[in-house]
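Colleague: sequence plus predicted model, see below.
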Amino acid sequence: MILTVTMNPSIDISYPLERFVLDDVNRVDQVTKTAGGKGLNVTRVLHELGAEVTATGVLGGFHGAYLASQLDQEQITHDFAMIKEETRNSIAVLHESNQTEILEAGPVVSEAEQQEFLKKYRALLQQAELVTISGSLAKGLPADFYQTLVSLASEQQVKVLVDTSGESLRQVLLGAQKPYLIKPNLDELRALLGENLSLERLAEMQATLNQEVFAGIEWLVVSLGKDGALVKHQENFYRVEIPTIEVVNPVGSGDSTIAGLAYGLSQGHDSELVMKEGMAAGMANTMERKTGHVEPKNFQQLIEEIKVKKV
């Protein structure tokens, strides 16, 4: 079973408008509300690919109950710890080829609630072969909380894939126990290291990924948008080149990439196929209007079109 962790989930609300008028009434005919947060995008894609997956994290209030009901409707297994404060809303206004987002900060998780979640997490680890940790931390959680989750998984010999940024990522890298895989994009890597990295200076990027801070991490996947990815697996480097496709909605493509990587790893696929599956899932998501969604037939077709080259 793959266990996905979402510590600041949301109800993702989408308002499509032909034109957005500031300081006036804007009426929408179609509204979509989905169980959101980066980890739940990962969950949904894994479910669509046929993986055995369980979602965990924290949920609270009426919004949390609604989010759980959405997962039930999609027949997605979940086991969340309950908190007192309300799960957040994340609103996207889609207008004139633009996307304006209004993101609530979300609930504060108390110390007692943190301990209840960790108790649940330890129990779920007994059934897991892989863990994915995605997105931001809810307020009240310490900056090194993800490092705690990595350490607990390591004690059970469970591999962890981490997709976060900023201080949360830095704390994960500073820990004694390392994740199995991390997936920063190029901007996140630049911000983490304070270096102006560029794919045009490939040798410099390779040297950067060989720094001591990344020691002990089996997979380093640097996503590069339309340029594919630069991957370090063990001591080897690879360029993953992707075909040009028509993009409908890029939101959630990074989450889908993590789902594809987790899927491939859980199936015991060879490293080259795992890289292709990660990129194919991310690309398949961009072809769909719904965030965190792939059509398996598109996923399989894209795998055939992706090229992996050792560098």
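Modeller: Sure, I can see it.
Colleague: show me where the stretch 201-311 of the chain has helices.
Modeller: Ranges of helices within the stretch 201-311 of the chain are 202-209, 253-266, 271-286, 296-305, based on DSSP state H, counting those that start in this stretch.
Colleague: can you say which of the ones you listed is nearest to residue 1?
Modeller: Evaluated over those, closeness to residue 1 peaks at helix 253-266, with 8.7 Å, by CB to CB. The way it works is simple: take the backbone N, C-alpha and C, and place the C-beta from them, glycine included.
Colleague: winner for burial among the helices of the stretch 201-311 of the chain?
Modeller: Of all the helices of the stretch 201-311 of the chain, helix 253-266 has the most neighbours on average by mean count of other CB atoms under 10 Å, namely a mean of 27.
Colleague: who are the packing partners of that helix?
Modeller: Counting contacts by 3 or more CB pairs under 8 Å, 6 or more residues apart in numbering; DSSP states H and E, helix 253-266 is packed against strand 2-6, helix 38-48, strand 130-134, strand 159-163, strand 219-223, helix 271-286.
Colleague: check the helices of the stretch 201-311 of the chain for me: which has the lowest mean pLDDT.
Modeller: Per-segment mean pLDDT for these reaches its minimum on helix 202-209, at a mean of 86.
Colleague: what's next to that one, contact-wise?
Modeller: Contacts with helix 202-209, where a contact means CB atoms under 8 Å, 6 or more residues apart in numbering, come from 189, 193, 195, 197-199, 220, 222, 230, 232, 237, 311.
Colleague: give me the angle between it and strand 219-223.
Modeller: 130 degrees (axes from the mean of the first three to the mean of the last three CA atoms, to 10 degrees).
Colleague: any chance you could give me helix 202-209 in CSV, C-alpha atoms only?
Modeller: The C-alpha trace of helix 202-209 is given here as CSV (Å, rounded to 0.1, in the frame of the first residue of the first chain):
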residue,chain,number,x,y,z
LEU,A,202,24.5,21.2,-16.8
ALA,A,203,27.9,20.3,-15.2
GLU,A,204,27.3,23.0,-12.6
MET,A,205,23.8,21.5,-11.8
GLN,A,206,25.3,18.0,-11.5
ALA,A,207,28.0,19.3,-9.1
THR,A,208,25.2,20.9,-7.1
LEU,A,209,23.3,17.7,-6.8
